[in-house]
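[1] dropping a prediction and its sequence here:
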Amino acid sequence: MEALSEPLFEINQESKYYKTKKEIKDSRPKMHKILKEIANEFEFKLDDFARYGARGFGFYQYTDSYEKYEDKLTKNADRNGVHTFKKATQEYKAISPRLVEIERIENKVNPFTLHDIFGLNNLKASQWLGDRFFVEVKSAEETKKKVSDPKRSIEFEIEPVKEISYKEYLQLLMDRIDD
């Protein structure tokens, strides 16, 4: 586990945003179970599988799974080296509806909301430590200016965020590693 750097903020655990992000985090085992069931049914390695959503998924180039399904995948790999399933294949038609369930869980929160909250190009990283959610930013001043705007508070339902000392964060991190 890598440590975040200063400046750090903690997301308010009473905010609607936090509660939704926590619900998604807590749903990860369910999402992984769906993916494992698909992998078992279609007999492929989960590490070979790449998904962009319910309408775009396939296998990394030159993997065993790619070779097994090569004739059912697009001829050319995308920029990530992934060959996606052709939409007319039985595999696509069987897997896609099952991935919709994962999308429903993941799409409860817009992945760009944190960037909107903390400022464009200000967010550097985020991390869960237990049930606490931390955000590393480039500028604490820009963050304070953004999150103190009452209009934004209503729009994102996240306020207030709490600046946390680096020493306190590192102690929490060390306690987590010891567990």
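    Ah, there it is. Numbering: from 1, shown residues only.

[2] can we go C-alpha only for contacts and neighbour counts from here?
    Noted.

[3] where are the low-confidence patches of the chain?
    Regions of the chain meeting the criterion pLDDT under 70 cover residues 148-160, 179.

[4] where do the helices sit along it?
    16-26, 28-42, 64-69, 90-106, 113-118, 140-147, 150-156, 166-178 (DSSP state H).

[5] include mean neighbour count and distance to F9 when you put these into CSV, please.
    As requested, the helices of the chain are exported to CSV (neighbours: other C-alpha atoms under 10 Å; distance: least, C-alpha to C-alpha, whole Å):
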stretch, mean neighbour count, distance to F9
helix 16-26, 16, 13
helix 28-42, 14, 24
helix 64-69, 16, 42
helix 90-106, 16, 23
helix 113-118, 18, 10
helix 140-147, 16, 9
helix 150-156, 12, 15
helix 166-178, 13, 10
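
[6] out of these, flag the one nearest A54.
    Proximity to A54 (C-alpha to C-alpha) singles out helix 90-106 among these, at 4.8 Å.

[7] show me what the closest one is packed up against.
    Applying 3 or more C-alpha pairs under 8 Å, 6 or more residues apart in numbering; DSSP states H and E, we find helix 90-106 packed against helix 28-42, strand 49-53.

[8] what strands flank the last one, and is each parallel or antiparallel?
    Okay, so that is strand 49-53. The sheet places strand 49-53 alongside strand 56-60 (antiparallel), with pairing taken from DSSP bridges.

[9] now the strand it pairs with - C-alpha only, CSV.
    The C-alpha trace of strand 56-60 is given here as CSV (Å, rounded to 0.1, in the frame of the first residue of the first chain):
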residue,chain,number,x,y,z
GLY,A,56,-17.0,-3.1,-24.6
PHE,A,57,-15.1,-6.0,-23.3
GLY,A,58,-12.7,-8.6,-24.5
PHE,A,59,-9.2,-10.0,-24.0
TYR,A,60,-5.6,-8.6,-23.9
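
[10] dump the helices of the chain into a markdown table; add distance to N76 as well.
    Below are the helices of the chain laid out as a markdown table (distance: least, C-alpha to C-alpha, whole Å):
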| stretch | distance to N76 |
| --- | --- |
| helix 16-26 | 33 |
| helix 28-42 | 22 |
| helix 64-69 | 12 |
| helix 90-106 | 17 |
| helix 113-118 | 33 |
| helix 140-147 | 43 |
| helix 150-156 | 40 |
| helix 166-178 | 43 |
